[in-house]
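>>> Just the structure for this:
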Amino acid sequence: MSENVTEDSVTVQRSPRYFRFMLAGAIVFAVVALILTFAFPAQPGYDRGQIFGFLLLGGIVVGITVGAVIALIVGWVTGRRARTVAAAHTTTRAE
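Residues are numbered from 1 along each chain as shown. From the prediction side, this is the model:
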């Protein structure tokens, strides 16, 4: 069995989990839509379920967008803290 070891330098940085940021934004804005539904008096042409549905549609879109923008900002800030480390690459071959 032969073994070949090579060393190289690699850049390591942390990356945010974008889906989690977008999901958190959607949840926060869904709660905001629920609060806004009951914060104002009922409208004569719509019931509270319809109002909540309208606000929920817009709130989720806005929440996902805000979450994605925050994740991009966090990724940009953590990307500036990237560091270079040494890595060993080992290749083993059976003869």
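>>> pretty sure Arg14 is touching Arg80, no?
No. Contact between Arg14 and Arg80 fails when scored by C-beta atoms under 8 Å: they sit 11.2 Å apart. (C-beta placed from N, C-alpha, C; glycine too.)
>>> could you pull out the helices for the protein?
18-39, 48-79 (DSSP state H).
>>> now the angle from the shortest one to helix 48-79?
Angular relation of helix 18-39 and helix 48-79 on a 0 to 180 degree scale: 150 degrees, by axes from the mean of the first three to the mean of the last three C-alpha atoms, to 10 degrees.
>>> Now do helix 18-39: which elements does it pack against?
Applying 3 or more C-beta pairs under 8 Å, 6 or more residues apart in numbering; DSSP states H and E, one finds that helix 18-39 makes contact with helix 48-79.
>>> Now do the helix it packs on: which elements does it pack against?
Right, helix 48-79 is packed against helix 18-39 by 3+ C-beta pairs under 8 Å, 6+ apart.
>>> what about the protein, any weak spots by pLDDT?
Across the chain, the ranges flagged by pLDDT under 70 are 1.
>>> what residue is smack in the middle of it?
By C-alpha atoms, centre = their mean, the chain has its centre lying nearest to Tyr18, at 2.2 Å.
>>> got a list of what it touches?
Tyr18 makes contacts with Ala68, Ala71, as judged by C-beta atoms under 8 Å, 6 or more residues apart in numbering.
>>> now do 10 Å
The contact partners of Tyr18, taken as C-beta atoms under 10 Å, 6 or more residues apart in numbering, are Gly67, Ala68, Ile70, Ala71, Leu72, Val74, Gly75.
>>> any idea how far it is from Thr11?
Using C-beta to C-beta, to the nearest Å, Tyr18 is found at 20 Å from Thr11.
>>> Report how many residues lie close to Phe52.
Using other C-beta atoms under 10 Å, Phe52 is surrounded by 18 other residues.
>>> I am finished for the moment; much appreciated.
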